[in-house]
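J.: model the following, please.
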Amino acid sequence: MKIGIIVEYNPFHNGHIYQINEIKKIYKDCSITVVMSSSITMRGEISLLNKWQKTNVALNNGVDLVIELPSVFCQSADTFAFNAVKLLNEIGIDVLVFGSESDDIIKLIEIAKVQLNNKKFDNLVKTNMDKGLNYPTSLSYAIYDLTGLKVNTPNDILAVSYIKSVLEINNKIIIKSIKRSNDYNDLVSDSDIVSASNIRNKYLNNLDFKNSVPIETYNYLEQNNFDFNLLFNLIKYNILINKDDLSKFHLVDESICSRLYNSALTSSNLNELILNVKTKRYTYNRISRILLFILFNITKTEANNFKLEYIRVLGMNKKGKEILKSAKKLSSLPILTKFKNGYKLLDYELKITTIYSMILNNTELIRDEYKSKVIIK
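T.: Below you'll find the model as predicted:
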């Protein structure tokens, strides 16, 4: 069986090893392909590990093939999920596996079908948003009104987006959930398996997290040198110099432009900026994504023309080579094992990596973007 997982690995931790091991218990002698976000994440964060570090750790811990999700698709749950599932379908997976708080696959499928097929759904979401509610809350209320079912935890919400994508792209793909074994709200627990949020919180506050990650992850985090103050200042600079035209950037509505500008003037760090811009309608994650699109100078016009152009391989082992061999016969997209000119999304990837490398104080990543070969185990 060819198993597919959609991941961010920010950072790769023991919970991911647990997921991989559970998959191998369920599906004997399977292969595992991951589609992985690279320099940025769907939640609008900068990845603590670079793409090559994440690929190396994943291959050393049971993954067979690592495919890059172009950074421009790290947007809403639906955009993120659709493009990731499309890549996995091009590879020819049999099963899509994801984590879920409820682990109630029947409920999640029912909710996904309502979103796709019930004509009242979109109108209910719009009505709720017109009342000033943010999109996730509006979506949750609409689902409850139509089904009496509740979905309000992050992995269940993302799971619904995965399922919708499978139903739209290839409903022959089997859907399998694995119950989350930790509380995503817990930022202080010291158990062996905690959330990535827990680890990021400890990392940023110089607290111990060593027992929650494989030693490779820990060593990479220890050697990486992020300049979060530079990240904030670059975002602030782009806001200030574009104060009269902020609405050109992807996801930026005119109604929030003055708030972005005024908050940039008064905030002293990135978290403070996000909290100052955040409203009942604009969630923390949405603001984080907006700020990244401003940072990378990606406009609405550009974003509206984004489409998958290729399958970019970051790493593989022997099983991964076999997956690619069969994928070449199936895929409608070219399979790239190195940076190649002529693809718009790769041009954006290089631009994003250039800024990312500045924040990480590692300009070698720019060279690695177009010179590095696939990691082979």
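
J.: how about residues contacting stretch 308-327?
T.: Stretch 308-327 has contacts (Cβ atoms under 8 Å, 6 or more residues apart in numbering) with 2, 31, 33, 36, 38, 51-52, 55-56, 58-59, 64-68, 70, 83, 86-87, 90-92, 331, 333-337, 340, 343-346, 374-377. From N, CA and C alone the C-beta is placed, and that goes for glycine too.

J.: how long is that stretch from one end to the other?
T.: Using Cα to Cα, to the nearest Å, the gap from the first to the last residue of stretch 308-327 comes to 16 Å.

J.: swap in stretch 46-66?
T.: Using Cα to Cα, the end-to-end distance of stretch 46-66 comes to 19 Å.

J.: now do that stretch: distance to the chain's middle.
T.: The gap between the average C-alpha position of stretch 46-66 and the chain average comes to 14 Å, counting by Cα atoms, centre = their mean, to the nearest Å.

J.: could you do stretch 201-216 as well?
T.: Between the centre of stretch 201-216 and the centre of its chain there are 21 Å (Cα atoms, centre = their mean).

J.: what of stretch 322-338?
T.: The chain centre lies 23 Å from the centre of stretch 322-338; the measure is Cα atoms, centre = their mean.

J.: so how far is the first residue of it from its last?
T.: Between the opening and closing residues of stretch 322-338 lies a distance of 18 Å (Cα to Cα).

J.: and that stretch, what's buried?
T.: By neighbour count on 16 or more other Cβ atoms under 10 Å, the buried set for stretch 322-338 is 323, 324, 327, 331, 333, 336.

J.: likewise stretch 76-95?
T.: Judged by neighbour count using 16+ other Cβ under 10 Å, the buried positions of stretch 76-95 are 76-77, 79-93, 95.

J.: same question, stretch 356-370
T.: If you call a residue buried by 16+ other Cβ under 10 Å, then stretch 356-370 has these buried ones: 356, 357, 358, 359, 360, 362, 365, 366, 368, 369.

J.: going along the chain, name the strands of this structure.
T.: Applying DSSP state E to the chain gives strands spanning 2-7, 31-37, 65-69, 95-100, 174-179, 311-316, 335-336, 375-376.

J.: note down every partner strand of the third one and its orientation.
T.: This points to strand 65-69. The strands beside strand 65-69 in its sheet (DSSP bridges) come out as strand 31-37 (parallel), strand 311-316 (antiparallel).

J.: strand 2-7 and that strand, what's the angle between them?
T.: Using axes from the mean of the first three to the mean of the last three Cα atoms, to 10 degrees, the direction of strand 65-69 lies 40 degrees away from that of strand 2-7.

J.: cool, the fifth one as well?
T.: Here strand 174-179 points in a direction 50 degrees away from that of strand 2-7 (the same axes, to 10 degrees).

J.: contacting residues around strand 174-179?
T.: 19, 22-23, 26, 94-101, 103-105, 108-109, 159, 162-163, 166.

J.: contacts only, for residue 146.
T.: Residues touching residue 146, when contacts are defined by Cβ under 8 Å, 6+ apart, comprise 114, 118, 120, 121, 124.

J.: ok, those residues vs residue 297, which is closest?
T.: Among these, residue 121 lies closest to residue 297 (Cβ to Cβ), at 34.3 Å.

J.: state the number of residues packed around that closest one.
T.: The burial metric for residue 121, expressed as a neighbour count using other Cβ atoms under 10 Å, is 19.

J.: and what of the one 5 residues further on?
T.: Around residue 126 there are 12 other residues, counting by other Cβ under 10 Å.

J.: just residue 249 next, same as before
T.: Residues lying near residue 249 (other Cβ under 10 Å) number 25.

J.: what about it, distance to residue 39?
T.: Going from residue 249 to residue 39 by Cβ to Cβ, to the nearest Å gives 18 Å.

J.: residue 200 now?
T.: 15 Å.

J.: higher neighbour count, the two?
T.: residue 39 (25 against 18).

J.: just checking, that one touches residue 71?
T.: Yes: the pair residue 39 and residue 71 qualifies as a contact (Cβ atoms under 8 Å) at a distance of 5.7 Å.

J.: against residue 80, how distant is the one residue sitting closest to the centre of the chain?
T.: Centroid-nearest residue in the chain: residue 42, 3.5 Å away (criterion: Cα atoms, centre = their mean). In this structure, residue 42 and residue 80 are separated by 4 Å, where distance is defined by Cβ to Cβ.

J.: measure how buried residue 207 is and give me the count.
T.: If you count neighbours by other Cβ under 10 Å, residue 207 ends up with 13.

J.: phi first, then psi, for it.
T.: With angles defined as degrees, to the nearest 10, residue 207 sits at phi -100, psi 160.
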